[in-house]
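*Asks:* Have a look at this prediction, sequence included:
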Amino acid sequence: MRYLDSTSIMRCLCNTRQIVFEVTERCNLKCHYCGYGSLYSVTDNRTNDDLSYEKVIAFLDYMKSLWKSEYNDSANRIVCISFYGGEPLLNMALVQRIITYIEANLKDVGRIFCYSMTTNAILLNKYADYLVEKNFQLLFSLDGDEYGSSYRVFPSGKPAYHSIVDCINEFRNKYPEFYEKNVRFNAVLHNRNAIKKIYDFFSANFDKIPKISELNTMGIRVEKEDDFLGMFQNVTEAFFESENYTEMERKMQFDSPTYKTASLYLLYYSDFKYDNYNELLYGHGIISKLPTGTCLPFSKKVFITVAGEILPCERITHQYTLGWVKEQGVKLDFEEIANKYNSFYARLEPICSKCYGKKGCTQCMFFLHNLDSISNPIECNGYMNEQEFHLYKDAQLKFFARNPAYYADIMKNLKFR
């Protein structure tokens with residue numbers, strides 16, 4: 001069975017919502033749990049290089065040609081240009097050159113560009129004026145109080161907590177309105193912090209509710225498995241185990257695991273949700289569902305590494321590279337990409353077809369063990385038999401029974417993209 005074709009993938013890339021450039025592999029911190037650190041088997045041989053300006057321009061010019069083609073389905077779409085690392089502020093000269101090029105050369109492509117960055121904030125105030133001028137959306141990385149953030153250290157081993165907090169507070173005091181509208185936080189959950197402590201810290205000190213992430217579970221070195229397990233905490237399990245979790249649920253709302261699960265349940269299983277006007281007028285009809293909840297390649301974002309590898313997401317390991325950017329141009333074989341995805345889907349179809357939760361699946365196939373192993377069966381932790389699905393369904397209905405106002409909140413205030 002052929003699930004995707006080259007044209008559909010080219011159309012996804014042309015209409016993508018986000019382009020992420022890894023502008024440098026260098027970092028001014030050496031966090032103990034870093035995905036490129038000693039816990040992980042790094043597959044791309046990082047060498048502390050910077051992304052070249054020529055590769056960026058080659059890719060943007062390639063996208064310009066797509067935006068002017070018949071594959072463009074979205075006039076004046078907002079496209080976010082995001083900068084990633086390493087620590088992206090270490091290569092701010094390239095960031096500024098990219099934005100200058102976009103402003104001078106991509107005015108007539110039917111796109112509105114915005115900018116974002118994930119940063120540890122150490123160099124924040126050196127470039128604060130520029131970041132504010134260009135209206136960046138900023139995501140600061142911090143794990144909570146001093147002990148909760150103690151895995152974030154400088155290469156010397158010195159804790160980075162006070163340096164980070166001082167930089168953020170200086171920035172906040174200088175640009176209070178920008179801080180309120182444009183700054184978010186990401187906290188990594190591990191064995192030195194906890195859900196409630198993270199929430200209380202950010203609420204009291206920064207007036208923000210952070211996104212809470214887990215440690216990356218893929219590519220752990222065999223000899224480091226015990227160290228990893230000693231650090232790791234599952235976000236959902238930690239939430240339910242936290243003190244007064246019902247109060248936390250009410251305060252965090254869309255940022256709580258229960259709220260997110262209930263929202264996704266309504267999105268996928270409600271009879272009162274329509275993806276477009278045709279569904280509203282003519283009914284839902286027959287839903288064609290690809291195996292797993294994996295995003296169509298490039299439909300949400302495209303990620304360019306320092307080495308010029310093209311990936312569908314910065315969270316996906318480099319073994320699943322889909323193309324290359326060289327100074328001379330872009331190499332993307334859409335037929336080859338379609339064949340790669342179709343081969344994965346074919347292996348997953350026997351599992352997904354029997355899963356009672358397939359309609360609302362959010363499992364990315366690139367995080368499944370043995371996806372590219374012909375000799376070993378694929379393992380999916382999200383698989384649900386009939387009994388498990390009914391338990392899941394009952395849990396969501398009980399959630400809305402306990403919190404009837406949440407239904408209105410979700411329907412009125414939550415947006416899915």
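*Replies:* Yes, it's here. Just so you know, these numbers come straight off a predicted model, no measurement behind them.
*Asks:* Report the residue spans of the stretch 201-350 of the chain with pLDDT below the cut-off.
*Replies:* Applying pLDDT under 70 to the stretch 201-350 of the chain flags the ranges 273-288.
*Asks:* Which strands or helices does the strand or helix carrying A262 pack on?
*Replies:* Using DSSP states H and E, A262 sits in helix 257-269. Applying 3 or more CB pairs under 8 Å, 6 or more residues apart in numbering; DSSP states H and E, one finds that helix 257-269 contacts helix 235-241, helix 245-252, helix 386-402, helix 404-413. Quick note: C-beta positions are derived from backbone N, CA and C, even for glycine.
*Asks:* Specify the stretch among those that is closest to I374.
*Replies:* Ranking the helices and strands packed on helix 257-269 by their distance to I374 (criterion: CB to CB) puts helix 386-402 first, at 28.2 Å.
*Asks:* quick one on the thing from earlier: TSV for the helices and strands packed on helix 257-269, including distance to R17 and mean neighbour count?
*Replies:* Compiled in TSV, those are given as follows (distance: least, CB to CB, whole Å; neighbours: other CB atoms under 10 Å):
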stretch	distance to R17	mean neighbour count
helix 235-241	25	15
helix 245-252	26	16
helix 386-402	28	13
helix 404-413	20	12
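*Asks:* so how many other residues sit close to E180?
*Replies:* 11 (other CB atoms under 10 Å).
*Asks:* and if you look at G230?
*Replies:* With other CB under 10 Å as criterion, G230 counts 9.
*Asks:* Same list (the helices and strands packed on helix 257-269) but as TSV, adding distance to N169.
*Replies:* Output for the helices and strands packed on helix 257-269, formatted as TSV (distance: least, CB to CB, whole Å):
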stretch	distance to N169
helix 235-241	27
helix 245-252	23
helix 386-402	37
helix 404-413	30
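*Asks:* All the strands of the stretch 251-400 of the chain, in order from the start?
*Replies:* 302-304, 309-311, 323-326, 329-332 (DSSP state E, counting those that start in this stretch).
*Asks:* try the stretch 101-250 of the chain
*Replies:* 111-119, 137-141, 183-188, 211-213.
*Asks:* surely K196 meets M248?
*Replies:* Yes - counting by CB atoms under 8 Å, K196 touches M248, with 6.1 Å between them.
*Asks:* shared neighbours, these two?
*Replies:* S242 (CB atoms under 8 Å, 6 or more residues apart in numbering).
*Asks:* So for S149, which of the strands of the stretch 101-250 of the chain sits nearest?
*Replies:* strand 183-188 (8.5 Å).
*Asks:* who does the closest one pair up with?
*Replies:* strand 137-141 (parallel), strand 211-213 (parallel) (DSSP bridges).
*Asks:* For C14, which of the helices and strands packed on helix 257-269 is the nearest?
*Replies:* Comparing the helices and strands packed on helix 257-269 under CB to CB, the one sitting nearest is helix 404-413, at 30.8 Å.
*Asks:* Just the element for I19, please.
*Replies:* strand 18-22.
*Asks:* how many degrees apart are that strand and strand 111-119 in direction?
*Replies:* Note on geometry: by axes from the mean of the first three to the mean of the last three CA atoms, to 10 degrees, strand 18-22 and strand 111-119 are set 40 degrees apart in direction.
*Asks:* and strand 18-22, how far out from the chain's middle?
*Replies:* Computed by CA atoms, centre = their mean, to the nearest Å, the chain-centroid distance of strand 18-22 equals 11 Å.
*Asks:* One more: stretch 331-342?
*Replies:* With CA atoms, centre = their mean, you get 22 Å for stretch 331-342.
*Asks:* mind saving the C-alpha coords of that stretch as PDB?
*Replies:* Provided in PDB are the C-alpha atoms of stretch 331-342 (Å, rounded to 0.1, in the frame of the first residue of the first chain):
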ATOM      1  CA  LYS A 331      19.400  17.900  -2.200                       C
ATOM      2  CA  LEU A 332      15.900  16.600  -1.400                       C
ATOM      3  CA  ASP A 333      14.500  13.600  -3.200                       C
ATOM      4  CA  PHE A 334      10.800  13.600  -2.400                       C
ATOM      5  CA  GLU A 335      10.200  10.200  -4.000                       C
ATOM      6  CA  GLU A 336      12.900   8.700  -1.800                       C
ATOM      7  CA  ILE A 337      11.400  10.400   1.300                       C
ATOM      8  CA  ALA A 338       8.000   9.000   0.400                       C
ATOM      9  CA  ASN A 339       9.400   5.500   0.000                       C
ATOM     10  CA  LYS A 340      11.100   5.800   3.400                       C
ATOM     11  CA  TYR A 341       8.000   6.800   5.200                       C
ATOM     12  CA  ASN A 342       5.900   4.300   3.300                       C
END
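*Asks:* Pull out the buried residues from it.
*Replies:* 332, 334, 337-338, 340-342 (16 or more other CB atoms under 10 Å).
*Asks:* Name the nearest of these relative to N120.
*Replies:* Distances from N120 to the buried residues of stretch 331-342, taken by CB to CB, are shortest for L332, at 31.9 Å.
*Asks:* which ones are touching that closest one?
*Replies:* So L332 contacts 13, 310, 322-323 (CB under 8 Å, 6+ apart).
*Asks:* how near is it to D226?
*Replies:* From L332 across to D226, the span is 41 Å (CB to CB, to the nearest Å).
*Asks:* One more: I195?
*Replies:* Distance, I195 to D226, using CB to CB: 24 Å.
*Asks:* out of those two, which sits in the busier spot?
*Replies:* Between I195 and D226, I195 has the larger neighbour count (other CB under 10 Å), namely 26 against 7.
*Asks:* circling back to that earlier point, show me what the strand holding I19 is packed against.
*Replies:* Strand 18-22 packs on helix 53-67, strand 77-84, strand 302-304, going by 3+ CB pairs under 8 Å, 6+ apart.
*Asks:* That one pairs with which strands, and in what direction?
*Replies:* strand 77-84 (parallel), strand 302-304 (parallel).
*Asks:* hey, which of those strands is tucked in deepest?
*Replies:* strand 302-304 (a mean of 24; mean count of other CB atoms under 10 Å).
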